[in-house]
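[1] Predicted model follows, preceded by the sequence.
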Amino acid sequence: MINQVNNGVTLAYTASANISGGDLVSLGNGLVGIAVDDIANGATGVVMLQGRFTVPKGSTAAIARGAALKLGTAGNTVVAATAGTTVNNFLCARPVVASGTAMTTVEIVIGI
């Protein structure tokens, strides 16, 4: 008998605030996903846990490919993690394309 719950690509998520489809969703302790569709506050929707996505940067600082990331202070954004970032703030995601200072987004891979 196999004990697999599902293939690990998606998760049912109950929103504590309105979420737009395509938004980065913090699931806690560095785990993130991407909302498949809009999820109303209190409703349950689907969040992708694997894949390659473009998300907003939370600062104008450049982000190198493969750099450690953390959530930005503005919701739904990422920034490069810095010295002193606590372990639980690191994201389970990595940028796959460098993002220069003039760029407002970064391309990340989650679920790796």
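    Alright, I've got the coordinates. Small disclaimer: the values here were computed from a predicted structure and weren't measured. Numbering: from 1, shown residues only.
[2] residues near Ser99, how many?
    By the measure other Cβ atoms under 10 Å, the count of residues near Ser99 is 22. (Glycine included, C-beta is placed from N, CA and C.)
[3] scratch that, Gly111 is what I was asking about
    By other Cβ under 10 Å, neighbour count at Gly111 equals 15.
[4] which residues in the chain form helices?
    With DSSP state H as the definition, the chain shows no helices.
[5] Listing request: residues of it with sub-threshold pLDDT.
    Flagging of the chain using pLDDT under 70 yields the residue ranges 1, 4, 112.
[6] Mind jotting down where the strands sit in it?
    With strands called from DSSP state E, the chain shows them at 10-14, 24-28, 31-35, 44-48, 51-56, 69-71, 78-80, 93-95, 105-110.
[7] Would you mark the buried spots in the first one?
    Translated: strand 10-14. 11, 13 (16 or more other Cβ atoms under 10 Å).
[8] Test my guess that Leu11 contacts Ile34.
    No. In this structure, Leu11 is not within contact of Ile34 by Cβ atoms under 8 Å, at 10.7 Å.
[9] what touches both of these two?
    Applying Cβ atoms under 8 Å, 6 or more residues apart in numbering, one finds that Leu11 and Ile34 are jointly contacted by Val47.
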